[in-house]
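[1] just to be clear, the model below is a prediction. Sequence and coordinates:
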Amino acid sequence: MPAASELISPRSARVAAARRLVRRNVRGKERRFLTEGPQAVREAVAHGTWQDATEPVLAELFATVEAAERYADVVAAARELGARVHLADEAVIADISTTVTPQGLVGVCRFLDTPFETVLAARPRLVAVLAHVRDPGNAGTVLRCADAAGADAVVLTDASVDVYNPKAVRASVGSLFHLPVAVGVPVEQAVHGLKEAGVRVLAADGAGSHDLDAELDHERLGVPTAWVFGNEAWGLPEETTALADAVVRVPIHGRAESLNLATAAAVCLYASARAQRAPGGCRSVTGA
């Protein structure tokens, strides 16, 4: 990456367009979002194109000269993929970035959500459903947990936060680019669709009548399962828990009042992942 290349102007239309993507209505209209830092940009590049699209997920990359030299492999891969690469000074990066201490790379990516019907057609074994989740950091962290647990998809209902919110993208630490994510699905449609696809739907709630340990002990988690997670403050409404096959609580063995959303999600998803990989679990049956 030649350091002598001309820097993009702070008044450039490209810079202004990227800056506007911090607003949800603009993201929705343009179907583009921001991703920041070398790890996230690297994952966007590695993703290549999305589904049947011929254009790369990473549309543009803004990089300081120092970052372009430090992460020369990422920048070169972005160019090879077909993304437009702009060298910029630190002031431009700071203007586009939503972090306090930018790392010198900011990418503009095309939306990559998957239609809910496509998720169902793939016969998923483990799904995380975010219903009424409003905090973008929590949404991104649950997505990361689902990715780590080997989930087949994440579904965000129409009452949940925008998964392309910069905080959600950042909290996913690249996992947004790893697994199918369906967005804007009404919770009733999500639950009924998953049930029709042969998936057992469990609502995670601290007041649930079923205990997670008992679910494991009675070997009920080895089947295809979707976990529904609710709002950070008030959990899931009764009309949502009524749709589930069972309402399951994570047992509190110590004196803690409760678990936060992301921690509870990690516990539930890993419990299912472990059960599905055990002898007789659905992943062992399918050879996954």
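    Good, I have the coordinates.
[2] list the buried residues for the helix or strand harbouring Glu117?
    Applying DSSP states H and E as the criterion places Glu117 in helix 116-121. Neighbour-count burial for helix 116-121, counted by 16 or more other CB atoms under 10 Å, picks out Phe116, Val119, Leu120. (Each C-beta comes from the backbone N, C-alpha and C, glycine too.)
[3] adding pLDDT and distance to Leu126, write the residues you listed out as TSV.
    Output for those, formatted as TSV (pLDDT from 0 to 100; distance: CB to CB, whole Å):
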residue	pLDDT	distance to Leu126
Phe116	97	16
Val119	97	12
Leu120	97	14
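[4] which of those residues lies closest to His47?
    The closest of the buried residues of helix 116-121 to His47 turns out to be Val119 (CB to CB; 17.3 Å).
[5] so who does the closest one touch?
    Val119 makes contact with Val127, Asp152, Ala153, Val155, Pro180, Ala182 under the criterion CB atoms under 8 Å, 6 or more residues apart in numbering.
[6] now do the domain split for this structure, please.
    The chain resolves into domains spanning 13-110, 116-286 when parsed by automatic domain parsing.
[7] can I get those domains in JSON lines with distance to Leu7?
    As requested, the domains of the chain are exported to JSON lines (distance: least, CB to CB, whole Å):
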{"stretch": "domain 13-110", "distance to Leu7": "5"}
{"stretch": "domain 116-286", "distance to Leu7": "23"}
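[8] list the contacts of stretch 82-98.
    Contacts for stretch 82-98 (CB under 8 Å, 6+ apart): 1, 5-8, 10, 12, 14-15, 18-19, 22, 34, 36, 45, 55-56, 58-65, 68, 75, 78-79, 102, 104-107, 166-167, 170.
[9] now, those residues that are in helices?
    14-15, 18-19, 45, 65, 68, 75, 78-79, 166-167, 170 (DSSP state H).
[10] just these now: which is nearest Glu238?
    Lys167 (29.3 Å).
[11] excluding chain neighbours, what is closest to the closest one?
    Nearest residue to Lys167, sequence neighbours excluded (CB to CB, 6 or more residues apart in numbering): Pro136, at 3.9 Å.
[12] and the one you found, how far from Phe33?
    12 Å (CB to CB, to the nearest Å).
[13] settle it for me: which of the two has more neighbours?
    Neighbour comparison, Pro136 and Phe33: the larger count goes to Phe33, with 25 against 21 (by other CB atoms under 10 Å).
[14] wait, that one sits on Arg23?
    No. With contacts counted by CB atoms under 8 Å, Phe33 stays clear of Arg23, the gap being 10.8 Å.
[15] hey, where'd the helices end up in the stretch 151-288 of the chain?
    166-172, 187-196, 212-217, 238-241, 261-277, 282-286 (DSSP state H, counting those that start in this stretch).
[16] do I have it right that Lys195 meets Val201?
    Yes. Contact criterion CB under 8 Å: Lys195 and Val201 qualify, at 5.9 Å.
[17] who touches both of the two?
    Joint contacts of Lys195 and Val201 (CB under 8 Å, 6+ apart) are Asp245.
[18] more neighbours: those two, which one.
    Ranked by neighbour count (other CB under 10 Å), Lys195 and Val201 place Val201 first, with 21 against 15.
[19] return the residues in contact with that one.
    Contacts of Val201 (CB under 8 Å, 6+ apart): Val129, Val191, Leu194, Lys195, Thr225, Ala226, Val228, Leu243, Ala244, Asp245.
[20] 6 Å instead, please
    Val191, Leu194, Lys195, Ala226, Ala244, Asp245 (CB atoms under 6 Å, 6 or more residues apart in numbering).
[21] what pLDDT does the spatially closest residue to Glu215 that is not a sequence neighbour get?
    Leaving out its chain neighbours, the residue that sits closest to Glu215 by CB to CB, 6+ apart is Leu221, at 5.3 Å. Looking at Leu221, its pLDDT is 95.
[22] this protein: strands as residue ranges?
    32-36, 58-63, 84-87, 105-110, 126-130, 153-157, 181-185, 200-204, 210-211, 225-229, 246-249 (DSSP state E).
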